[in-house]
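Visitor: turn this into a structure:
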Amino acid sequence: MKSCRKWVKPLATFKHISSKNADYGAAEQYLTFEHDEFTMKPTLDKNGRLLPRDDYRIASLNCGGEDFAIACMRSNLKYGKNQKREDVKSHHYIISFDPRDAQDNGLTVDRAQQLGEQFCKEHFPGHQALVCTHPDGHNHSGNIHVHIVINSLRIAEVPLLPYMERPADTREGCKHRCTDAAMEYFKAEVMEMCHRENLYQIDLLNGSKNRVTEREYWAKRKGQAALDKENSTLAAKGEPPKPTKFETDKEKLRGAIRAALSSALSFEDFSGKLLQQGVTVKESRGRLSYLTPDRTKPITARKLGDDFDRAAVLEALTINAQNAARAAETPAPRQEYPRSIKDRLQRNKAAINAPKNDGVQRMVDIAAKRAEGKGKGYEKWATLHNLKQMAATMSIYEESGFSSLEELEAALAAASAELSSVHAELKAVESTLHEKRDLQKQLLAYIKTKPARDGLKAQKTEKARKNYREQHESDFMIAEAATRYFKAQGISKLPASKTLQAEIEQLMREKNSLYNEYREKRERTKELQTVKSNIEQILRREPERRKGRDNER
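Guide: Residues are numbered from 1 along each chain as shown. Below you'll find the model as predicted:
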């Protein structure tokens, strides 16, 4: 299958590739056999035979028990579609999960395969499909990812889904369209799936600071491989190596722009600094583009990333100007914070979803474990474990500025209250989101019945209207059910589909932000609970130690 490369990033991502390759069997071959990651050609053994992948899960949907390739070609012939060279024959969607999900959140290849099949059934109904899960990505990154390959032809009529814009998007014998609106919807659904499964993720609905295309990614990979090979040759000859890190032209341009932005105070100053590097800044219709000396066509800011568009550049220049104005004033004496406060402020800047490997853990009650029958080996481990956790507990206790157990309990109560507040807010947003989705479902169902309702108005006689209703009974039942729902919700004027979809996407963003805040509050509360439990255990052990020392005397 042409251009069927795995585009892997170290966070949950979603990607789409369309293919005009008429050989549907190539898709299955790519998914099940080893391929060279640079040439994308099958890897062969010494006998010239294909090498199967070490581990994968694969399933076909809506193929009627036939091979995926045969089922697709049979359907194409039946409906007379996908017969031209320029026709898009298949669509390839890739869901890549965070590498940490396997260890931190228990994601397995089998579970990822189930999620992929469920996603395919919900969002690509009526399409023949292959769903295949691989346990690893490029460079052995360890991220589980799911490939969904669908025949572009739809073999059954399906309900009108939120990303569909035309009546043909639901009809049997018509083709799937991956529009910008569809990609936004799919990304929102992937985010929702990650929330539901308690997996790591990023906000897929917002842009990227550094937008790296698949072409740039592979140019960097190939350039780095060539550079490493050249440096190995130079090292063997005893000659000094070249720079060890390969940079694409876009990477160099991003570096030059950031260097100019770091010190520029105005747009003219910014343009002048870039011009010294041979880069010309152009502005057209409120959008920036950058022309390098080796190109005749400028590179738009959109292709570089959100950090390089007009709004981001002007914001950075404004901040630089404000900082320069403040620096020109008489500086006030700088307040030096205690080390413990500095450490806490630095710790709070850590990424919200970063796995916490150095957190404090509960101390073990060795006496209770000994009573349960634990042996000397366990007791030796538990003693060492308790010493480590005691040190970690006292470190957090001192860094947090606590001077008594009462202060710790007050901080824990406050953290628990904040956690409850964020949780309540998150549940409220989830409830509103659920209501909006229900409304969207009813609205789409009602819109789909419009041709039948308009047809009824065109009937001239009562008998004709009665016969027409009988012929379209299912449509009118759906319309009446939707009308009852609207009345029960007190909706007198139906919202526009695009407006409702925008509200849902906004709620998804709010939910994503609140979910990250909730996880942070939960980790802080858990940490304080553990510190409190450990402090209480330490205090319980002190009288025993004193009693033992008195007996020795």
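Visitor: if I look at the closest residue to T179 other than its chain neighbours, how far off is L444?
Guide: With CB to CB, 6 or more residues apart in numbering as the criterion, T179 has its nearest non-adjacent residue at 6.8 Å, and that residue is E165. All C-beta spots, glycine's among them, are computed from the backbone N, C-alpha and C. The spacing between E165 and L444, counted by CB to CB, to the nearest Å, is 11 Å.
Visitor: more neighbours, the two?
Guide: L444 (18 against 14; other CB atoms under 10 Å).
Visitor: what residues are up against the more buried one?
Guide: By CB atoms under 8 Å, 6 or more residues apart in numbering, the contact set of L444 is P159, L160, L161, P162, S497.
Visitor: hmm, back to that, just say helix, strand or coil for the residue nearest to T179.
Guide: coil (DSSP: H, G, I helix; E, B strand; the rest coil).
Visitor: where do the helices sit along the stretch 301-450 of the chain?
Guide: According to DSSP state H, counting those that start in this stretch, the stretch 301-450 of the chain carries its helices in the segments 301-304, 310-328, 339-348, 366-371, 376-399, 405-448, 450-458.
Visitor: tell me the mean pLDDT over the third one?
Guide: It stands for helix 339-348. Averaged across helix 339-348, the pLDDT comes to 55.
Visitor: report how many residues lie close to R258.
Guide: 12.
Visitor: what's the distance between it and Q277?
Guide: Counting by CB to CB - R258 and Q277 are separated by 12 Å.
Visitor: stretch 280-299: end-to-end distance?
Guide: Stretch 280-299 has an end-to-end distance of 10 Å (CA to CA, to the nearest Å).
Visitor: tell me the buried residues in it?
Guide: Buried residues in stretch 280-299, counted by 16 or more other CB atoms under 10 Å: V281, L288, S289, Y290, L291, T292, P298, I299.
Visitor: could you do stretch 262-269 as well?
Guide: A264.
Visitor: what about it, average pLDDT?
Guide: Rounded mean pLDDT across stretch 262-269 is 85.
Visitor: pull the distance from it to the chain's centre.
Guide: 34 Å (CA atoms, centre = their mean, to the nearest Å).
Visitor: so H423 makes contact with Y518?
Guide: Yes: using CB atoms under 8 Å, H423 is in contact with Y518, at 6.0 Å.
Visitor: who's more crowded, the two?
Guide: Set H423 next to Y518 and count neighbours by other CB under 10 Å: Y518 wins out with 20 against 15.
Visitor: got a list of what A316 touches?
Guide: L261 are the contacts of A316 under CB under 8 Å, 6+ apart.
Visitor: over to S271?
Guide: V281.
Visitor: could you check how far it is from V279?
Guide: Distance of S271 to V279, computed by CB to CB: 9 Å.
Visitor: try D249
Guide: For D249, the distance to V279 - CB to CB - is 11 Å.
Visitor: joint contacts of these two?
Guide: Common contacts of D249 and V279 (CB under 8 Å, 6+ apart): T292.
Visitor: with neighbour numbers in mind, choose between these two.
Guide: Just comparing D249 and V279: by other CB under 10 Å the higher neighbour count belongs to V279, 20 against 13.
Visitor: who touches that one in this structure?
Guide: L253, A256, I257, Y290, L291, T292, P293.
Visitor: could you do V131 as well?
Guide: V131 touches I58, A59, S60, L61, Q113, G116, E117, C120, V146, H147, I148, counting by CB under 8 Å, 6+ apart.
Visitor: can you redo these as a markdown table with pLDDT, neighbour count and secondary structure?
Guide: Shown next, in a markdown table, are the contacts of V131 (pLDDT from 0 to 100; neighbours: other CB atoms under 10 Å; DSSP: H, G, I helix; E, B strand; the rest coil):
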| residue | pLDDT | neighbour count | secondary structure |
| --- | --- | --- | --- |
| I58 | 93 | 16 | strand |
| A59 | 94 | 16 | strand |
| S60 | 94 | 18 | strand |
| L61 | 94 | 17 | strand |
| Q113 | 95 | 20 | helix |
| G116 | 94 | 25 | helix |
| E117 | 95 | 18 | helix |
| C120 | 95 | 22 | helix |
| V146 | 93 | 23 | strand |
| H147 | 94 | 24 | strand |
| I148 | 96 | 23 | strand |
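Visitor: could I get the full set of helices for the stretch 1-150 of the chain?
Guide: Under DSSP H, counting those that start in this stretch, the stretch 1-150 of the chain gives helices at 25-32, 68-79, 100-104, 109-123.
Visitor: worst average pLDDT in these?
Guide: For the helices of the stretch 1-150 of the chain, where the average pLDDT is lowest is helix 100-104, sitting at a mean of 85.
Visitor: tell me how far L77 lies from I70.
Guide: 11 Å.
Visitor: and if you look at E430?
Guide: According to CB to CB, E430 and I70 sit 44 Å apart.
Visitor: A129 now?
Guide: In terms of CB to CB, A129 sits 14 Å off from I70.
Visitor: neighbour count for these two, which is higher?
Guide: A count of neighbours by other CB under 10 Å puts A129 above the other of A129 and I70, at 26 against 13.
Visitor: in CSV, list the helices of the stretch 1-150 of the chain along with distance to S152.
Guide: CSV is the format used below for the helices of the stretch 1-150 of the chain (distance: least, CB to CB, whole Å):
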stretch, distance to S152
helix 25-32, 12
helix 68-79, 9
helix 100-104, 31
helix 109-123, 14
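Visitor: coming back round to it: G401: which of the buried residues of stretch 280-299 is nearest?
Guide: Ranked by distance to G401 (CB to CB), these are led by L288 at 46.8 Å.
Visitor: so what's that closest one closest to, chain neighbours aside?
Guide: A301 (4.5 Å).
Visitor: tally of neighbours for that neighbour?
Guide: Neighbours of A301 (other CB under 10 Å): 23.
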